[in-house]
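>>> return atomic coordinates for the entry below.
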Amino acid sequence: MGEGEPLLLVNGYAATSADWDPGFLAALGASHRVICPDNRGCGGSDLGAGEIAVDGLAADLEALLDALEIARLPVAGWSMGGFIAQRLAERSPARVAALALIDTDPGGAAAVPADPERWARLLDHSGTPREQATRLISLLFPPGRAAEIDRRFGAAVAAAREALDPAALRAQERAMEAWHAEDRPPPAAAGRPPTVVVHGAEDAVIPAANTAPLASRWAASRVELIGGCGHAAMAQQPDRVAALILGAAG
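Residues are numbered from 1 along each chain as shown. Okay, the predicted model is just below:
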């Protein structure tokens, strides 16, 4: 959507291109052509054969950019999408003009893990789709906001959850587990794009303490900790997060 220079927006675990906050997309699309792919196994993208890995999801993005004939562009990734965006920047540094990392972590031993009980709730497939939606919303948003968001949008989230392929979710979960088990060498200084790290201060899924190792790994020019926001910072502060992305993109 939008017009202008391209910008790639990479979504996270169990999320499709239809799940982005409309105000967030509108803020980005006012100045850029925003490309929002579905990760393998989600939305309109087939799961295919074999395992999903973060490296393979980054390779999918390279193939997409080849098909669109885009040589270089800013890339923003949220949560698991931030894992994929980082891997793309490591694999193809010439393609990533700028990097925005939203509520994500660096992987490996440097990552600060979530509370195990909260992480288990994120991956819990039990209950009805509506019960799953309530559980997910309680993780993505702070307690003071979650109940109202669940009342207004819980049914829509439930419908989206029901449409997801359980096999794709399990494959993504294994990919995230591998991301956190693997220590990768730091990117070469010459290959680090201008980077901004954005994180909700109340993130219960990927703790805000991950901003420090992320900023160090990518020599981030800006780190923005947004008070009152949980894991879905771009849905709570869409204009602010969009402005930070666009600032990094130049």
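
>>> strands of the protein, start to end?
5-10, 32-35, 73-78, 96-102, 195-200, 222-226 (DSSP state E).

>>> could you export the shortest one as CSV, CA atoms only?
Put plainly, it is strand 32-35. The C-alpha coordinates for strand 32-35 follow below in CSV (Å, rounded to 0.1, in the frame of the first residue of the first chain):
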residue,chain,number,x,y,z
HIS,A,32,6.4,5.0,1.1
ARG,A,33,5.2,2.0,-0.9
VAL,A,34,4.8,-0.4,2.0
ILE,A,35,5.4,-4.1,1.2
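
>>> show me what it is packed up against.
If you count contacts as 3 or more Cβ pairs under 8 Å, 6 or more residues apart in numbering; DSSP states H and E, strand 32-35 packs onto strand 5-10. Bear in mind the C-beta positions are built from the backbone N, C-alpha and C, glycine included.

>>> partner strands of the strand it packs on, with direction?
Counting by DSSP bridges, the strands paired with strand 5-10 are strand 32-35 (parallel), strand 73-78 (parallel).

>>> deepest of these, which one?
strand 73-78 (a mean of 26; mean count of other Cβ atoms under 10 Å).

>>> mean confidence (pLDDT) on it, please.
In this model, strand 73-78 has a mean pLDDT of 98.

>>> show residues contacting that strand.
Residues outside strand 73-78 that contact it (Cβ atoms under 8 Å, 6 or more residues apart in numbering) are 5-12, 15, 32, 35, 65, 83-86, 88-89, 95-104, 232, 234, 245, 248-250.

>>> can you flag the buried ones in those residues?
6-12, 15, 32, 35, 65, 83-86, 88-89, 95-104, 232, 234, 245, 248-249 (16 or more other Cβ atoms under 10 Å).

>>> could you check how far the residue nearest to G247 when sequence neighbours are not counted is from V241?
In this structure, G247 finds its nearest non-sequential neighbour in V196, 6.8 Å apart by Cβ to Cβ, 6 or more residues apart in numbering. Applying Cβ to Cβ, to the nearest Å, the value for V196 to V241 is 10 Å.

>>> I'm done for today, thanks for sticking with me.
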